[in-house]
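> Return a 3D structure for these sequence lines:
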Amino acid sequence: MVPRRRRPRPWHRTRAYRLARTALLAGVLVTVGVRCGGPDGPATADGRSGGGRQGEPADHAPPPRPLSTRSRPTDFRIPSLGIDAPVMGLRLDREQQLSTPPLDRPKEVGWYQDGPTPGETGTAVAVGHRDTRTGAAVFAALAQVQPGKPIEVRRADGRTAVYSVDRVKVYDKAGFPDKEVYGPSRRPELRVLTCGGLYSRRTGYTSNVVVFAHLTATG
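Predicted coordinates:
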């Protein structure tokens, strides 16, 4: 498809996440194709999968009951990577794009606030920078997270949703599989995205790192 002409955008808006809407259950699921273009920064991690595998680890404990009330996320933690970051809400703009957090806030995680909040049924979306021109950002080591490791998201109401990593995949941005990443889910799931692969000043990163996780505990 030939891209339509548009006015140049500020360089800090060029790392955006392309979103297209598809129906999911009774609501709407936003499907994301990550566009990691733009001269935002040099590569600081190798972008390879951190041991992710096809399929999901077997669950021996009964699944937790989804949280039934909405509450915005406030803190995002991946203890195995030393990530403990504040969370900001993100929405789509007129061009159906979800930008990453501002580059002057590289240590924050963005949460798509029109999707599920932590612990709710459906596919929640968290995004963050891998790096900027000033150095490593919040998700510099995201590709190294191992299956089975927890991701903890604290909510404004004081509750915490704990997800377990199922797998880590790296997809070429030219063939991002929206349906695989954001297909229908009848349980609470989480997708965590950042840029990956090789970096070019002209075209940005070549790939997208996607962490697949599902809810395993609430507190």
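
> Strands along the protein, start to end?
15-24, 27-36, 73-78, 83-90, 97-99, 109-112, 122-127, 131-132, 135-136, 150-155, 160-172, 188-200, 204-218 (DSSP state E).

> Quick check, Leu81 in contact with Val138.
No - Leu81 is not in contact with Val138 according to C-beta atoms under 8 Å; the separation is 9.8 Å. Where C-beta positions appear, they are placed from N, C-alpha and C, glycine not excepted.

> between those two, who's got more neighbours?
Val138 (27 against 19; other C-beta atoms under 10 Å).

> What is the burial count for the residue nearest to the more buried one when sequence neighbours are not counted?
Excluding the flanking residues, the one nearest Val138 by C-beta to C-beta, 6 or more residues apart in numbering is Gly128, at 4.5 Å. For Gly128, the count of nearby residues is 27 (other C-beta under 10 Å).

> Wait, Gly128 touches Gly110, no?
Yes - with contacts counted by C-beta under 8 Å, Gly128 reaches Gly110, the gap being 6.3 Å.

> Find residues that contact each of those two.
Thr100, Pro101 (C-beta atoms under 8 Å, 6 or more residues apart in numbering).

> give me every residue that touches Thr117.
Thr117 neighbours (C-beta under 8 Å, 6+ apart): Leu67, Arg70, Ser71, Arg72, Pro73, Ala124, Arg155.

> For the last one, list the residues it contacts.
What it means is Arg155. Leu67, Ser71, Arg72, Pro73, Thr74, Thr117, Pro118, Gly119, Ala161.

> And it, how far from Ala217?
14 Å (C-beta to C-beta, to the nearest Å).

> hey, what's Cys195 bridged with?
Beta-bridge partners recorded for Cys195 (DSSP bridges): Asn208.

> What pLDDT does the model give it?
Note for Cys195: predicted pLDDT of 93.

> That one: neighbour count?
32.

> Now do Ser207 against Thr194, distance only.
Distance from Ser207 to Thr194, by C-beta to C-beta: 10 Å.

> between these two, which one's more packed in?
Remark: of Ser207 and Thr194, Thr194 carries more neighbours, 29 against 22, as counted by other C-beta under 10 Å.

> show me the contacts for that one.
Contacts of Thr194 by C-beta under 8 Å, 6+ apart are Val127, Gly128, His129, Arg130, Phe139, Leu142, Asn208, Val209.

> Thought Arg191 was touching the last one, still the case?
No - under the criterion of C-beta under 8 Å, Val209 is not in contact with Arg191, lying 10.6 Å apart.

> Look at these two and report which has more neighbours.
Each of Val209 and Arg191 has its neighbours counted (other C-beta under 10 Å); Val209 has more, 29 against 19.

> residue contacts, the more buried one?
47, 49, 130, 139, 142-143, 168-170, 193-196.

> Nearest to Leu90, out of those residues: which one, please.
Nearest to Leu90 among those is Leu193, at 11.7 Å by C-beta to C-beta.

> Name the nearest residue to the closest one, ignoring sequence neighbours.
Nearest to Leu193 is Val127, by C-beta to C-beta, 6+ apart, at 4.9 Å.

> got any ranges where this protein has weak pLDDT?
1-60, 97 (pLDDT under 70).
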